[in-house]
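Student: I'll drop the sequence and a predicted model, then ask my questions.
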Amino acid sequence: VTPPEDELGMKNSLRHRHDEFGENLLTADTIINKSKKMMRAQLEQDLVSFQQNVKDLKATFMNEAPFDSKGRTNEKAFEQLDRFQELYQSKRSAEGAFVPK
């Protein structure tokens, strides 16, 4: 069985397109892998920064929290605690950005 000439011509043109498609897949794979590496590096950098911010918040709390009553009224102590609680909640909500979706 011999296929007609027009089918052979279509087949030959499809071979070229198949090769182009394969090259496009390899290019896309390379681009995706580079993007993954960049995104991973950015995430790691963001996590380190977030970790440092949390450490700083904890250190600030340990220095400024009303553990004693020297020069503080109850109102000022509760204001400080409320402020730290708000900071803590903002860090907690920012932590949600790092959770996989």
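Tutor: Perfect, thanks for sending it.
Student: so V54 makes contact with Y88?
Tutor: No - using Cβ atoms under 8 Å, V54 makes no contact with Y88, being 9.2 Å away. (Glycine included, C-beta is placed from N, CA and C.)
Student: model confidence over the strand or helix carrying L14, on average?
Tutor: Per DSSP states H and E, L14 falls inside helix 5-64. Per-residue pLDDT values over helix 5-64 give a mean of 93.
Student: Which other helices and strands does that helix contact?
Tutor: Here helix 5-64 touches helix 74-95, going by 3 or more Cβ pairs under 8 Å, 6 or more residues apart in numbering; DSSP states H and E.
Student: residues in contact with the helix it packs on?
Tutor: With Cβ atoms under 8 Å, 6 or more residues apart in numbering as the test, helix 74-95 has contacts from 50, 53-54, 57, 61, 64-66, 69, 72.
Student: Could you count how many residues lie near G22?
Tutor: Look at G22: counted by other Cβ atoms under 10 Å, it has 10 neighbours.
Student: cool, Y88 as well?
Tutor: Counted with other Cβ under 10 Å, the neighbours of Y88 add up to 14.
Student: now it: how far from I31?
Tutor: Between Y88 and I31 the computed distance is 40 Å (Cβ to Cβ, to the nearest Å).
Student: Repeat that for T2.
Tutor: 43 Å.
Student: can you check L43 too?
Tutor: Taking Cβ to Cβ, one finds L43 at 18 Å from I31.
Student: repeat for Q89
Tutor: 39 Å.
Student: do G9 as well
Tutor: When G9 is compared with I31 (using Cβ to Cβ), they lie 33 Å apart.
Student: go on, D6?
Tutor: From D6 to I31 the distance is 37 Å (Cβ to Cβ).
Student: which of the contacts of helix 74-95 are buried?
Tutor: 61, 66 (16 or more other Cβ atoms under 10 Å).
Student: What's the local residue count around E86?
Tutor: 10.
Student: Over to S69. Which of the three states is it?
Tutor: Look at S69: counting by DSSP: H, G, I helix; E, B strand; the rest coil, its state is coil.
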